[in-house]
Structures are given as structure tokens and as C-alpha cells.
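J.: Output the structure for:
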Amino acid sequence: MAAYQPLFFSAVIKTGVAVGTMVAIGSAPVLSGVLDYIVYRKKPTKKWLLATVTGIIGCSCLLLKKDTQIDVIGLGMAIGAGASFACYTTVNKKIVQHVDPQVGASLVFTAAAVLLIPCWFMYDMSWLVSLNGMGIALHLGILTTAIAYVLFSTALKSVQASTAVTLSLAEPVTAFLLGVFFLGESLTLVNICGAALVLASLAFLTYSPKSSLNQEVHI
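T.: Residues are numbered from 1 along each chain as shown. Take a look at the predicted model:
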């Protein structure tokens, strides 16, 4: 998690929000599926493969913009961020089997915060002393990190790591809808189709009439 933060935000700066987010979030499910097989010897299911591919295509359409920037170093950082998130999820799957998800998340993120302390002295952090800065920091710390990852860790107790990462593809859809309804951003037919593809892939992945997500039929 300490590696994910600087890699992701650096990738966004170099490639733009659309490309950086797409590569980071889109590569994570694939890498997580590989790690699931290596660490837990769980082969990808046909259902997971179809949902993941459909979701990634949907995200590509959702984030497609005319002014996207391509930067090789930025793309590498985005893939590194995706790999970091996939590794975190794979390891966290084991952690939550032994400790409470809240405890596990707090320990992981406290350790990550300690590892990132040097960044405090490398960059201008004066924005934190302003009211807007403190508000942003509290929002990022409480809502998008603490609550989000406690919920994510809790879900890992009953869902495979690769499935959980694929379900996180709902993130760009949420950002897309917030941008449209609250920021007045424009949307195209391709964007709408992308959102529909992501939602369809998530619905397909979570729909299981006879069994839970952990009891999917393997290839």
C-alpha cells in the first residue's frame, strides 16, 4: 500500500487521470488472478475471466477521452500501482482469516503511513494547514481510505481476492457518475456503453443462483 500511493498519483500526473486510472485499475484484476493461482493454486473460472475482460473493456470506453496523454514511464507506474493493489489484496485475503478486518486494515495502513513519512520532508505540505487542505486530508483519510478498506477487507473473508479486485472496477463507474451529476462533465455514447458494460460485468460476476462467489465452477 505504501508503494501504491506514490505510483498511482505519479502515473496520473504523467499520463492524465483517464489513462492512469484505467491502466492501474484495469491491470489489477488480471494480476490478482495470476497471484491467486500462484499463491492459492486457484485457477481462474470462466465466469471470472468473462466478467474481468468485459469490465476492463467497459472501463476503457468509460475513460476514453480525445485529450488522453501517453507516457511510457507513467504507464509503467500505473501497472506498478495495479500490481501493488493486487499483491495487497492477495496477502490481505490471508490476513483477514486470522484477525479482525478492522485490525488488519489499521495495522497495514499504519505501517504504510510510517514507510511514507520521508515524503513529508520531500514535498511542500503547507497546503495541509489550510481549511481546504485539512478537509481534503480528512476526506481522503476517513472516507476513501479507512471506511473503504475496512469494507474491502471484510469482504475478503468470503470472496476470492481476484473476484474482489474485479468488483473494484465499480470505482471508475462511480467517479464517472459523480462527474456527470455533480461536476457537469459531458458524456458520450461510448462512455455510456462503457458504464453499461462495467455494470453488466459486475452483475454477472455477483449473480449466483445456487452457490456463493467462492463456489464458482473452475475451468
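J.: Would you map the helices across this structure?
T.: 4-15, 17-40, 46-62, 72-95, 101-115, 117-122, 131-138, 148-155, 161-167, 170-182, 189-206 (DSSP state H).
J.: most tightly surrounded among those?
T.: Highest mean neighbour count among these (mean count of other C-beta atoms under 10 Å): helix 161-167, with a mean of 25. To be clear about C-beta, it is placed using only N, CA and C from the backbone, and glycine gets the same treatment.
J.: List of residues touching it?
T.: With contact meaning C-beta atoms under 8 Å, 6 or more residues apart in numbering, helix 161-167 is reached by 28-29, 32-33, 35-36, 40, 42, 44, 48, 51-52, 55, 85-86, 89-90, 92-93, 152, 155-156, 159, 201-202, 205-206, 213.
J.: switch the cut-off to 6 Å
T.: The contact list for helix 161-167 (C-beta atoms under 6 Å, 6 or more residues apart in numbering) reads 28-29, 32-33, 36, 51-52, 89-90, 93, 155-156, 213.
J.: Out of those, the closest to L75 would be?
T.: Set against L75, the nearest of the contacts of helix 161-167 by C-beta to C-beta is A28 (14.3 Å).
J.: and that closest one, how far is that from T21?
T.: Using C-beta to C-beta, to the nearest Å, A28 is found at 11 Å from T21.
J.: ok so, going back, list just the nearest of the contacts of helix 161-167 to V103.
T.: Proximity of these to V103 (C-beta to C-beta) peaks at L156, which lies at 13.5 Å.
J.: Who are the contact partners of the closest one?
T.: Counting by C-beta under 6 Å, 6+ apart, L156 has contacts 92-93, 96, 164.
J.: tell me the two of the residues you listed that are most distant?
T.: V96 and A164 (10.7 Å).
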